[in-house]
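[1] okay, structure incoming, though there's no sequence with it:
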């Protein structure tokens with residue numbers, strides 16, 4: 001019985017250290033419209049692990065309701081991703097305009113055409 005109790009305690013500690021995480025969801029709001037031929041949406045997920053205070057950010061790009069690009073951003077939510085959509089280079093660049101800006105903005109280009117600039121805001125459940 002004592003071995004079982006110790007085993008359960010170890011399992012609880014292991015799950016607590018590795019399995020618990022805080023997760024936040026974000027979505028895009030159009031800031032500057034680009035091409036009208038494409039409907040673009042962005043979603044970002046921010047996770048914090050229990051013992052690691054550095055956020056892990058994954059951003060996903062949807063064009064015409066299809067997932068077309070997905071990848072990580074830095075802990076400060078900055079970075080760029082590249083892919084291909086309709087045989088053209090798809091590029092996403094995210095960052096803040098100034099040091100004091102609280103809003104993350106992402107710009108999306110398809111080939112030489114800008115699809116838009118999007119502000120990323122937290123999804124309220």
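    Received it, and whenever you're ready, just let me know what you need. Note that the structure is predicted; figures quoted are calculated from it, not measured.

[2] please make it C-alpha for all contacts and neighbour counts, starting now.
    Noted.

[3] any idea which strand is longest in this protein?
    strand 21-33 (DSSP state E).

[4] could you check the angle the helix or strand that comes right after that strand makes with strand 21-33?
    Sequence order places strand 40-49 as the next helix or strand after strand 21-33, per DSSP states H and E. Calculated by axes from the mean of the first three to the mean of the last three Cα atoms, to 10 degrees, strand 40-49 forms an angle of 160 degrees with strand 21-33.

[5] which strands or helices does strand 40-49 pack on?
    If contacts are counted by 3 or more Cα pairs under 8 Å, 6 or more residues apart in numbering; DSSP states H and E, strand 40-49 sits against strand 21-33, strand 56-63, strand 113-122.

[6] residue ranges in the protein under the pLDDT threshold?
    1-21, 125 (pLDDT under 70).

[7] report the buried residues of the longest strand of the chain.
    Residues of strand 21-33 classed as buried: 25-28, 30 (neighbour count, 16 or more other Cα atoms under 10 Å).

[8] residue 38: which of these is nearest?
    Each of the buried residues of strand 21-33 was scored against residue 38 by Cα to Cα, and residue 30 proved nearest at 12.6 Å.

[9] run the chain-centre distance for the helix or strand containing residue 105.
    Using DSSP H and E, residue 105 maps to strand 104-110. Mean C-alpha position of strand 104-110 versus that of the full chain (Cα atoms, centre = their mean, to the nearest Å) differs by 13 Å.
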